[in-house]
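**Student:** Structure for the following, please:
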Amino acid sequence: MKRILAVLLTMLLFVGCLGGSAFAVNEDVEGTVGIYSSMYQFVLDMLDEAIKKEFPNLTPAYDGSFFFYGGTSSLITKLYGEMDTGTLSCDMMLVAEPAFSLELKEDGYLEPIEIEGADDLLRFPYDEEGYWYPVRVCNMVLACNPEMADTWAAKGVNIPKSFKDFATDPSLKGYISMGNPLTSGTTFAAVASLTEDNHYGEDYLKGLADNKVMIESGSTAITKLQTGECAAIMILEESILKVLKEAEDAGTPVTNLQIIYPEDGVILIPSTVMTVAEDRSANVNADACEALENWFLSEDAQKLIMEGYMHSVFKGMKENPWGSVDTDDLIAKDLGVDWENAYKNREAINKAWTEIVTK
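**Tutor:** Below is the predicted model of the structure:
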């Protein structure tokens, strides 16, 4: 009896050393994996730590990290160069806009992966052959400084209530800012959506040009909003939420920054996860990539996505990113993006932007 108790005590102590959890369920997943991603670095750091715990025998490809970071458009340019060689320097991709997924699938660069029950799991479209799945949702919105509302009103400047106002209200001339679609995938998606014929067409770009929109990074735009150099900016919701949450956590809440959910609709960008075709991948490890894709679409990973101020792709997910609004309500107000158009006309959209807005 004493011997049995001793064995049981040893087992309990061993489990306690594991932090109260069972053995990692993916101990058998081995080899090296590298992932190109456009997610913010702090989110990649969280995902890196979680993957290393969940897949203890998997080797990161990039100096101790599974992730190589870059803006989506920058990564696309990098991948175009690699495609000339026939082999990519990564095994998976988490990029900001699905149009590139359509292109890679058509060009034979993707490996189909089965996610069991995907139709019941996901509230956003996915490739039915398994070549790509949405894994996080970015939300393009507007933002303003509520503390400057009276100051702007005194100058005759109207704070925009819609994307249309942002580009067409002449009172905003010289007082608006947004990202660059040539380097930012989410900004490209927004421009592709807003310039669709069923939205505002190419006239939207003419409006931005007439209003002398400033093209700059999100952090610069936020600073100009807070200092009163800008009246409104087009930006990802997650960028504003991050600033607000970090300030609150530091005990110094920010009161000069506010999200505007445009009256004509938000622009949701369901960013995809893809596995590179095994014969075109850096480490020829499709089995490990399959396990990782399934993990990215697990509850644990989706909670980390929301900690990164992005929305979950899961149906029935009642939780939202800190400070945000209900995801299903946003879906109901989504302007949408014609991803086939964004893929087929990427060059034309970028050319129009360059010739009209940045001429």
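**Student:** any low-confidence regions in this protein?
**Tutor:** The chain contains residues with pLDDT under 70 at 1-24.
**Student:** Strands of that one, residue ranges please.
**Tutor:** With DSSP state E as the criterion, the chain has strands at 31-33, 35-37, 58-60, 67-69, 92-95, 133-144, 176-178, 214-215, 232-236, 258-260, 267-275.
**Student:** count of neighbours near residue 85?
**Tutor:** 9 (other CB atoms under 10 Å). Placement of C-beta: from N, CA and C, glycine included.
**Student:** Out of the strands of the chain, flag the one nearest residue 319.
**Tutor:** Closest of the strands of the chain to residue 319 is strand 133-144, at 13.0 Å (criterion: CB to CB).
**Student:** on that earlier part again, let me know which of the strands of the chain is the nearest to residue 308.
**Tutor:** strand 133-144 (7.5 Å).
**Student:** From the contact counts, what lies against the closest one?
**Tutor:** Under the contact criterion of 3 or more CB pairs under 8 Å, 6 or more residues apart in numbering; DSSP states H and E, strand 133-144 touches helix 185-194, helix 218-227, strand 232-236, helix 237-249, strand 258-260, strand 267-275, helix 299-307.
**Student:** Repeat the analysis, applying 6 Å as the threshold.
**Tutor:** Judged by 3 or more CB pairs under 6 Å, 6 or more residues apart in numbering; DSSP states H and E, strand 133-144 is in contact with strand 232-236, helix 237-249, strand 258-260, strand 267-275.
**Student:** what's the closest of the strands of the chain to residue 45?
**Tutor:** The nearest among those, by CB to CB, is strand 67-69 at 8.7 Å.
**Student:** right, and the strands of the chain - which one's nearest residue 316?
**Tutor:** Minimum separation from residue 316 across these (CB to CB) falls at strand 133-144, 14.7 Å.
**Student:** got a list of what the residue lying closest to residue 126 once chain neighbours are set aside touches?
**Tutor:** Sequence neighbours aside, residue 133 is the residue nearest to residue 126 in space, at 4.5 Å (criterion: CB to CB, 6 or more residues apart in numbering). The contact partners of residue 133, by CB atoms under 6 Å, 6 or more residues apart in numbering, come to 115, 126, 273.
**Student:** how about the helices and strands packed on strand 133-144 in CSV, adding mean neighbour count and distance to residue 51?
**Tutor:** Converted to CSV, these look like this (neighbours: other CB atoms under 10 Å; distance: least, CB to CB, whole Å):
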stretch, mean neighbour count, distance to residue 51
strand 232-236, 26, 24
helix 237-249, 18, 21
strand 258-260, 19, 31
strand 267-275, 27, 13
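**Student:** Would you convert those into JSON lines that also reports distance to residue 167?
**Tutor:** JSON lines is the format used below for the helices and strands packed on strand 133-144 (distance: least, CB to CB, whole Å):
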{"stretch": "strand 232-236", "distance to residue 167": "9"}
{"stretch": "helix 237-249", "distance to residue 167": "19"}
{"stretch": "strand 258-260", "distance to residue 167": "14"}
{"stretch": "strand 267-275", "distance to residue 167": "14"}
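**Student:** Residue 48: which of these is closest?
**Tutor:** Comparing these by CB to CB, strand 267-275 comes nearest, at 15.3 Å.
**Student:** got a list of contacts for the closest one?
**Tutor:** Contact with strand 267-275 is made by 92-94, 96-98, 101, 110-111, 113, 124, 132-140, 186, 189-190, 193, 289, 293, 296, 334-335, as judged by CB under 6 Å, 6+ apart.
**Student:** and the closest residue in space to residue 205 that isn't next to it in sequence, how many neighbours?
**Tutor:** With sequence-adjacent residues excluded and distances taken as CB to CB, 6+ apart, residue 205 is closest to residue 356, at 4.2 Å. By other CB under 10 Å, 18 other residues sit near residue 356.
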